[in-house]
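> Here is a sequence together with a model predicted from it:
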There are 2 protein chains.
Amino acid sequence: MPPVRVGLLGLGTVGGGVVNVLSRNAEDLARRAGRRIEVIHASARNLSAPRICSLDGLLLTTNPMEVVENPDVDVVVELMGGMSPASQLIRRALELGKPVITANKALIAHEGNELFELAQSQGTVVAFEAAVAGGIPIIKAIREGLAGNRIEWLAGIINGTGNFILTAMRDEGRTFADVLSEAQILGYAESDPTFDVEGIDAAHKLTILASIAFGMPLKFDAVYTEGISQLQTEDVRYARELGYQIKHLGVARRHATGVELRVHPTLIPERRLLANVDGVKNAVLVWGDAVGPTLYYGAGAGAEPTASAVVADLVDVVRTLTADPNHRVPHLAVVPDQVTDLPILPMEAVETGYYLRLTVEDQPGVLANIARILANHGINIEAMIQKEVSAETAHLPIVLLTHPLREATMNAAIDALEVLESVRSPVVRLRVESLSG
Amino acid sequence: MPPVRVGLLGLGTVGGGVVNVLSRNAEDLARRAGRRIEVIHASARNLSAPRICSLDGLLLTTNPMEVVENPDVDVVVELMGGMSPASQLIRRALELGKPVITANKALIAHEGNELFELAQSQGTVVAFEAAVAGGIPIIKAIREGLAGNRIEWLAGIINGTGNFILTAMRDEGRTFADVLSEAQILGYAESDPTFDVEGIDAAHKLTILASIAFGMPLKFDAVYTEGISQLQTEDVRYARELGYQIKHLGVARRHATGVELRVHPTLIPERRLLANVDGVKNAVLVWGDAVGPTLYYGAGAGAEPTASAVVADLVDVVRTLTADPNHRVPHLAVVPDQVTDLPILPMEAVETGYYLRLTVEDQPGVLANIARILANHGINIEAMIQKEVSAETAHLPIVLLTHPLREATMNAAIDALEVLESVRSPVVRLRVESLSG
């Protein structure tokens, strides 16, 4: 069989990683795919920039559309990131009937529905394993490996930058801002870190995971998203005293009435495997009705881990995805006419446990007032830490854990608590997930 | 499209689980596979035995060959276990060109090479996700999800019974025999527990994992296998004092000169995720050259977790495996004419760290003698625990951890130690794996 000829859009870190992996493992890949896989044409913004890979034998251009249009290119790999021109390039490739492989989570989360429809109508595919959790084959695990299950929920640490920051805040007692600066110097965080620390990147990935888990269209706009930039070091410490780790989780859960989609800092019992996933690593816990819990762990970013996922998609394209459409793994895990538009629950309807930290004046009756307000809202306290009064401020922190209850109820209770004169606003509120079923 | 009609061999726990999952998730499965999947014919040894599933609408027989030969059966699912008659039944199904799905790890480990060849020659497939690690999609993860990598090594807790026993020995300080009896009463261990506790079941699974990781034929006979039945409670305790957990690991590792294949009790640093996989759960850590470490965790046995893997294979068969042979995932991860017969290293050539426990007489010079013998063999001591002399026996336990060295060297050193008059034979020897690279 002749080699599969790849056109590569983007020669940055991940693009360079793909060139290196394809070249280093060329023999093994040919043994697996039954054909050699060769990059023949690549585009980059600046052809004289330094590269992590050799460019020997590559046709190069600054115009990515040339790569897409090159009739010798069988498969297009898009690693430029961003919405435009990636969107136009992928659409053109699909119009030409060429399979597309991309690591572009933002583009898939926002435009996946149309891209998949276009691919389907052109008899080709968009593969996007690298878009979620880097080198962990989580798309394949859910879409194929757990195909026998009704997926009930999943929860994942799906942003390595955020997890690096949380791990350092915990281990070194440092502030968010301090660790972020270090992460930027180390290259773990972008100079504009908004996508990572405000949960937007995690929301992109959660959107994709939820759609393949539940067989529903991509709904990025429906994700409730809260970042870690407001997280205080003392809450990380108090959480540990209570036996919890704080992780920035993406959670998708199916209910009779709809689906929850949310990204926020979350307290997890410290014995759970997910609570022990540290640094830049990612992990996703998936609960299927037949299999129960399964967990997938590994590198969520980086040149070669991401290249691992891109190349796996390339092998898949060669092995199976270019087969007769009746013998193909569907984009969203279910055949196109069976994708079901499930309602997304508003955050107010979601139930979780809560961690509350109130800063109160050290006066008689304060705790009784707090307890009365919580009781009036039907809220049970599961654990409490009451600290010494601070010498400087004459203020006292009270930390509470509640049983699971509806967000709407907690919102009302917090409003009532913040009205108390002896309670300083705002009340700090974090969510708790037991991850047990 | 008409439904896919399944013939089921075996209606025990797993068979019943498959019937239940196919029925409960029938709608979701049809959405994924594009066709309904229906069991139409099933065999069982005793038709009047109690079942965990409904038999409504099923044609039943005590003769499994009738199911295989039934021209209405499109796919055969073999869940009887054992070598015979499972082997004959699967061969016949393949001769008839029918895809076969099996959870039979012993059969695949022993006869997989011939079965895959037969399937290939008949233009069909044998799928065996359920044969390793129950519901964890580990075959798919390695064979497809990590297809971009050169797999360097893998290490797994792949026998739930053994892990249940080790967890209870550690948490409750009980003996192997005591916990085994309880596991038998609870139904976690067979009345003849040999396959589980002597590592044979784990060796079957390791054989399969290694072949798909390295693209080599199945070589069950080459696996070095050591069980947990000789493990002493005090070694579990000493290991913890040194910061390790003892797990029954299967390890496969690629070297320039060949491949290691071994199953034995292993000390793992307690911070590793694998060290925290407890009870009947399974997990496999896989190290690829591009992705680095990835870990897969979940239920390794049980009716519905195993059914989860069987049904995933069914969906795969419908989706992709019946496609044109050029667009199919090969049985051993590489296309048939590229399966490479790698040499298996003898255990003497393997390098690991070692845990040694010596029981010595409390005499002057004993420790000096031991240290001299180890030094003569070029063995460095990394950590040591010396305990109080036992009042009853006047014997003293000395526990040592070594740096990694060759098994042949350690064998020679142990022989020399056991010659010492003040050292009681045998010296207890366990292996240590850092799992760090």
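Now that the structure is in, tell me what you want to look at.

> Checking my notes, residue A:87 in a helix, right?
Yes. Looking at residue A:87 with DSSP: H, G, I helix; E, B strand; the rest coil, it is inside a helix.

> contacting residues around it?
A:107, A:111 (CB atoms under 8 Å, 6 or more residues apart in numbering or on different chains). C-beta: built from backbone N, CA, C; applies to glycine.

> now do the one 5 residues further on
Residue A:92 sits next to A:65, A:68-69 when contact means CB under 8 Å, 6+ apart.

> what about it, is that helix, strand or coil?
Applying three-state DSSP: residue A:92 is helix.

> Show the low-confidence segments of the stretch 251-400 of chain A, by residue range.
Across the stretch 251-400 of chain A, residues meeting the criterion (pLDDT under 70) sit at A:321-323, A:389-393.

> quick one: the helices in it?
A:303-316, A:366-376 (DSSP state H, counting those that start in this stretch).

> okay, those in TSV with distance to chain B and mean neighbour count next?
Listed next are the helices of the stretch 251-400 of chain A as TSV, based on distance: least, CB to the nearest CB, whole Å; neighbours: other CB atoms under 10 Å in any protein chain shown:
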stretch	distance to chain B	mean neighbour count
helix A:303-316	3	29
helix A:366-376	35	16
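
> I'd like the ones you listed as JSON lines, with distance to residue A:143 appended.
Converted to JSON lines, the helices of the stretch 251-400 of chain A look like this (distance: least, CB to CB, whole Å):
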{"stretch": "helix A:303-316", "distance to residue A:143": "11"}
{"stretch": "helix A:366-376", "distance to residue A:143": "43"}
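
> For residue B:267, find the nearest of those helices.
Closest approach to residue B:267 among these (CB to CB): helix A:303-316, 28.3 Å.

> Straight-line length of stretch A:172-179, end to end?
9 Å (CA to CA, to the nearest Å).

> Can you pull the residues of the stretch 1-150 of chain A lying near chain B?
The stretch 1-150 of chain A comes close to chain B at residues A:1, A:17, A:21, A:24-25, A:28-34, A:129, A:134-137, A:140-141, A:144-150, as judged by CB under 8 Å from any CB of the partner chain.

> Drop anything exposed from these.
The neighbour count (16 or more other CB atoms under 10 Å in any protein chain shown) marks A:17, A:21, A:25, A:28-34, A:129, A:134-137, A:140-141, A:144-150 as buried among those.

> Of these, which belong to helices?
The members of those that map onto helices under DSSP state H are A:17, A:21, A:28-33, A:140.

> re earlier: filter the contacts of residue A:92 down to the ones in strands?
When DSSP state E is applied, the contacts of residue A:92 are split such that none fall in strands.

> What segments of the stretch 51-200 of chain A are strands?
Shown for the stretch 51-200 of chain A, the strands assigned by DSSP state E, counting those that start in this stretch span residues A:59-61, A:75-78, A:100-102, A:126-127, A:151-157.

> The fourth one packs against which elements?
Other elements packing on strand A:126-127 under the criterion 3 or more CB pairs under 8 Å, 6 or more residues apart in numbering or on different chains; DSSP states H and E are strand A:100-102, helix A:105-121.

> Contacts made by the shortest one with the rest, please.
Same thing as strand A:100-102. A:75-79, A:86, A:90, A:93-94, A:108, A:115, A:119, A:124-128, A:130-131, A:310, A:313-314, A:317.

> one more time with 7 Å, if that's ok
The contact list for strand A:100-102 (CB atoms under 7 Å, 6 or more residues apart in numbering or on different chains) reads A:75-78, A:90, A:93-94, A:108, A:126-128, A:131, A:310, A:313-314, A:317.

> nearest residue to residue A:167 other than its sequence neighbours?
residue A:278 (4.5 Å; CB to CB, 6 or more residues apart in numbering or on different chains).

> Residue A:163 versus the one you found, what's the distance?
As for residue A:278, its distance to residue A:163 is 7 Å (criterion: CB to CB, to the nearest Å).

> if you count what's nearby, which of these two comes out ahead?
Counted by other CB atoms under 10 Å in any protein chain shown, residue A:278 and residue A:163 do not tie: residue A:163 has more neighbours, with 25 against 17.

> Tell me who's in contact with that one.
Applying CB under 7 Å, 6+ apart, the residues near residue A:163 are A:157, A:247-248, A:277, A:279-281.

> Counting neighbours, which of these end up buried?
Here, 16+ other CB under 10 Å leaves A:157, A:247-248, A:277, A:280-281 buried among the contacts of residue A:163.

> Output the set of residues of the stretch 251-400 of chain A in proximity to chain B.
Residues of the stretch 251-400 of chain A found near chain B (CB under 7 Å from any CB of the partner chain) are A:273, A:276, A:288, A:290-299, A:304-305, A:307-308, A:311-312, A:315-316, A:319-320, A:322-324, A:326-329, A:333-335, A:338.

> If we use 6 Å, what do you get?
By CB under 6 Å from any CB of the partner chain, the part of the stretch 251-400 of chain A that sits against chain B consists of A:273, A:290-292, A:294-295, A:297-299, A:304-305, A:307-308, A:311-312, A:315, A:319-320, A:323, A:327, A:329, A:334-335, A:338.

> Show me what the nearest residue to residue A:434 once chain neighbours are set aside bridges to in the sheet.
What sits nearest to residue A:434 in space, not counting adjacent residues and going by CB to CB, 6+ apart, is residue A:269, at 6.2 Å. Assessed by DSSP bridges, residue A:269 has beta-bridge partners residue A:244.

> Among the contacts of residue A:163, which lie within strands?
A:157, A:247-248, A:281.

> what separates the residue nearest to residue A:167 from residue A:223, distance-wise?
Applying CB to CB, the value for residue A:278 to residue A:223 is 25 Å.

> and if you look at residue A:205?
Distance from residue A:205 to residue A:223, by CB to CB: 10 Å.

> what does residue A:21 give?
On the measure of CB to CB, residue A:21 and residue A:223 end up 32 Å apart.

> can you check residue A:257 too?
18 Å.

> who has more neighbours, the two?
residue A:223 (23 against 9).

> ok, the more buried one - contacts?
Residue A:223 is in contact with A:203, A:206-207, A:261, counting by CB atoms under 6 Å, 6 or more residues apart in numbering or on different chains.

> mind checking pLDDT for it?
pLDDT recorded at residue A:223 is 97.

> tell me the phi and psi of it?
Backbone torsions of residue A:223, given as degrees, to the nearest 10, read phi -80, psi 130.

> Residue A:243 too?
phi 90, psi 30.

> for it, what are its contacts?
residue A:270.

> how far away is it from residue A:72?
60 Å.

> who's in contact with stretch A:117-127?
A:94, A:97, A:99-101, A:115, A:313, A:321, A:336.

> try stretch A:186-203
Outside stretch A:186-203, the residues that reach it (CB under 6 Å, 6+ apart) are A:158-159, A:161-162, A:164, A:183, A:223, A:225, A:227-229, A:250, A:263.

> Now the two most distant members of those.
It's A:183 and A:223 that sit farthest apart of the contacts of stretch A:186-203, by CB to CB, at 23.6 Å.

> Determine the number of other residues adjacent to the nearest residue to residue A:280 once chain neighbours are set aside.
Of all residues not flanking residue A:280 in the chain, residue A:160 sits nearest, at 3.7 Å (CB to CB, 6+ apart). Residue A:160 has 24 neighbours, counted by other CB under 10 Å.
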